[in-house]
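Participant: Below are the sequence and a predicted model for it; my questions follow.
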Amino acid sequence: MAEEFFHDTRLIGIVAPVSDYQLCWQLNRIFMMDFRNNTDIEIQLKRKERNYYFAVFQYNEPVNSLVHYLYNNQYDGEYLLPEFKRLDFLYLLKGDKVADDTCRHIMEGIKQIASVQLVMELTHDKIKNKAHMIL
């Protein structure tokens, strides 16, 4: 199931010590998007007899089937993907095949945000907890 979900996706890791809504505001401004918090796909994980909630912001491109998702990787000291503890956010592109140029353009735009310290593309084989990201 995880392999099917991640088929033809691109995943970008972001280090930015800002709130999710501030990062989304910046992304919306730079790319003329409309990221919105989608509470219907919020991810809930149970660890140490406690529930942790990871917000997911979503933007659907109007002219094709490409969907942009911005996941919070941290919530109250826990991580959606513990193998990437240093990353604050995960940016997933899904729905259409994303060309290398498009991915580079998005990464360059994200790097323009003053609070962003690092942007890197993540390969699917490095993700150990893929099931945590499945919507």
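Facilitator: In hand now; what should we look at? Numbering: from 1, shown residues only.

Participant: So C103 is in contact with L92, correct?
Facilitator: No. Using C-beta atoms under 8 Å, C103 is not in contact with L92; the gap is 11.4 Å. For glycine as for every other residue, the C-beta is placed from the backbone atoms N, C-alpha and C.

Participant: Overlap of the contact sets of the two?
Facilitator: Common neighbours of C103 and L92, using C-beta atoms under 8 Å, 6 or more residues apart in numbering, are 10, 12.

Participant: of these two, who's got more company?
Facilitator: The residue with more neighbours, out of C103 and L92, is L92; 21 against 16, by other C-beta atoms under 10 Å.

Participant: Show me the strands in the chain, by range?
Facilitator: Using DSSP state E, the strands of the chain run over 10-15, 36-37, 43-47, 50-54, 56-60, 67-72, 74-75, 78-79, 89-94, 118-122.

Participant: Now render the ones you listed as TSV, adding mean pLDDT and distance to R29.
Facilitator: Converted to TSV, these look like this (pLDDT from 0 to 100; distance: least, C-beta to C-beta, whole Å):
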stretch	mean pLDDT	distance to R29
strand 10-15	97	16
strand 36-37	96	15
strand 43-47	91	26
strand 50-54	94	24
strand 56-60	97	13
strand 67-72	97	14
strand 74-75	94	23
strand 78-79	94	28
strand 89-94	97	16
strand 118-122	97	17
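
Participant: Determine which of those approaches M107 most closely.
Facilitator: Closest approach to M107 among the strands of the chain (C-beta to C-beta): strand 118-122, 5.0 Å.

Participant: Just give the closest residue to S65, not the sequence neighbours.
Facilitator: Of all residues not flanking S65 in the chain, G95 sits nearest, at 4.2 Å (C-beta to C-beta, 6 or more residues apart in numbering).
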